[in-house]
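Visitor: Okay, sequence plus prediction incoming.
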Amino acid sequence: MKKITYLLVLSIALVTFSCEKEPSRASLPEVNFSVDFDGQTFVADQVGATVLDDVINITGLRGPNNESITLTVVAGTEGVYQLGVQNGALVHGAAYIEQNNSTNGAWVALTDGVSSQGTIIISEINDVNKTISGNFSFTGNNPSVGNTSSFVREFTNGTFKNIPYSNTLSNPPTNNNSFTAKIDGVEFEEDLLAGILSSGNISIIATKNNISSIGLTLPSDIAAGDYDFTFGVAPVGQYNIFTPFSSNIADGSFTITSHDIPNKRIIGTFSFTAEAFGGGATGSFEITEGSFDITYQ
């Protein structure tokens, strides 16, 4: 099940940073994000949302270990949205990520492009208080094994109320971090960049407008030298597209120019062909002229 671990570490980092900083709630109504599954009610203790470039992302986190539910709507207005389907195209989505992305990792509202896997209703976007409210439900499938009865979870009675949203992405401290790459010859202009040390690996995540990301997962003790990306165990490279969701795994190589372990700084270059892997991915992408200079946390 390690494939799905690296598939979703990018989402974990993204939602963690998007929920870290919230505006003062002293004078605003009560905030709530909850949903029922597996005979229990998931109640988030951290929440956050963005309404940016006609894309709505809403996230609820529970506990200290990155357990989360993320909702994505490719629209910027109130309305009813069928998960995975709009005019026959895969667009809107929802995902549940386990604590520390353990066991089987995540359950995603996958679809065959015809049948809806759930609904998100955006009932109110309050432009004055900068809050968003609504409800949702979805069927979550584990993309590492496909749509089978053993790997399906039903998420019901979901609600999000007065979730504070931003019209910009707030990056965590970057310590002068830098990242460059091209996708099929076009510059990838990230607006969120993070380096995270977790479970014996360094994850470098560059995300563009919550829509796509390039991620590298490297062993925490990796030394200077030339390496090939592998499949399933670090070092792994990925190019992910979130709307519609698809994952593309790296077939290529990278160079670690230097790795200062005591000061948590790693510098290198990379290039790879991103081959279709999961979530409806087809074809491939050429990732070229990649470089990074990251102080991870």
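Guide: Here it is on my side, so go on.
Visitor: Can you pull out the low-pLDDT segments for the stretch 101-250 of the chain?
Guide: In the predicted model of the stretch 101-250 of the chain, residues 101-105, 111-113, 143-150, 168-175, 199, 209-210, 232, 242-246 satisfy pLDDT under 70.
Visitor: quick one: the strands in it?
Guide: Applying DSSP state E, counting those that start in this stretch to the stretch 101-250 of the chain gives strands spanning 106-108, 118-126, 131-141, 152-166, 178-183, 186-187, 192-198, 201-208, 212-219, 225-228, 236-242, 245-260.
Visitor: So what pairs up with the closest residue to Gln238 other than its chain neighbours in the strands?
Guide: Distances taken as CB to CB, 6 or more residues apart in numbering place Gly215 nearest to Gln238, at 4.7 Å, with adjacent residues excluded. (Glycine included, C-beta is placed from N, CA and C.) Beta bridges link Gly215 to Ile205, Gln238, judged by DSSP bridges.
Visitor: Asn201 is in contact with Gly215, correct?
Guide: No. Gly215 lies out of contact with Asn201 (CB atoms under 8 Å); the separation is 11.0 Å.
Visitor: Please say which of those two ends up with more neighbours.
Guide: Between Gly215 and Asn201, Gly215 has the larger neighbour count (other CB atoms under 10 Å), namely 25 against 21.
Visitor: What's the separation between that one and Glu78?
Guide: 32 Å (CB to CB, to the nearest Å).
Visitor: What of Gly200?
Guide: 44 Å.
Visitor: same check, this time on Arg265
Guide: 45 Å.
Visitor: Asn57 now?
Guide: Shown here: Asn57 relative to Glu78, a distance of 16 Å by CB to CB.
Visitor: if you count what's nearby, which of the two comes out ahead?
Guide: Neighbour count, other CB under 10 Å: between Asn57 and Glu78, Asn57 has more, with 24 against 14.
Visitor: quick check: angle from the helix or strand harbouring that one to strand 152-166?
Guide: Per DSSP states H and E: Asn57 is located in strand 55-62. Angle, strand 55-62 to strand 152-166, by axes from the mean of the first three to the mean of the last three CA atoms, to 10 degrees: 110 degrees.
Visitor: And the next helix or strand past strand 55-62?
Guide: Following strand 55-62 in sequence order, the next helix or strand is strand 67-73 (DSSP H and E).
Visitor: any idea which helix or strand comes after that next one?
Guide: Going down the chain from strand 67-73, the next helix or strand is strand 79-82, by DSSP H and E.
Visitor: which parts of that following strand are buried?
Guide: Neighbour-count burial for strand 79-82, counted by 16 or more other CB atoms under 10 Å, picks out 81-82.
Visitor: Quick one: mean pLDDT for that strand?
Guide: Strand 79-82 shows a mean pLDDT of 93.
Visitor: Counting by contacts, list what that strand packs against.
Guide: Judged by 3 or more CB pairs under 8 Å, 6 or more residues apart in numbering; DSSP states H and E, the packing partners of strand 79-82 are strand 118-126.
Visitor: could you check the angle strand 55-62 makes with the strand it packs on?
Guide: With the same axes, to 10 degrees as the basis, strand 118-126 and strand 55-62 are set at 100 degrees to each other.
Visitor: Show residues contacting strand 118-126.
Guide: The contact list for strand 118-126, computed with CB atoms under 8 Å, 6 or more residues apart in numbering, reads 51, 56, 71, 73, 75, 77-84, 92, 94, 109, 131-139, 155, 162, 165.
Visitor: 6 Å instead, please
Guide: Applying CB atoms under 6 Å, 6 or more residues apart in numbering, the external contacts of strand 118-126 come out as 71, 73, 78-81, 83, 109, 132-139.
Visitor: With stretch 256-272 instead?
Guide: The contact list for stretch 256-272 (CB under 6 Å, 6+ apart) reads 222, 224-225, 229, 237, 250-252, 254-255, 287-288, 290-296.
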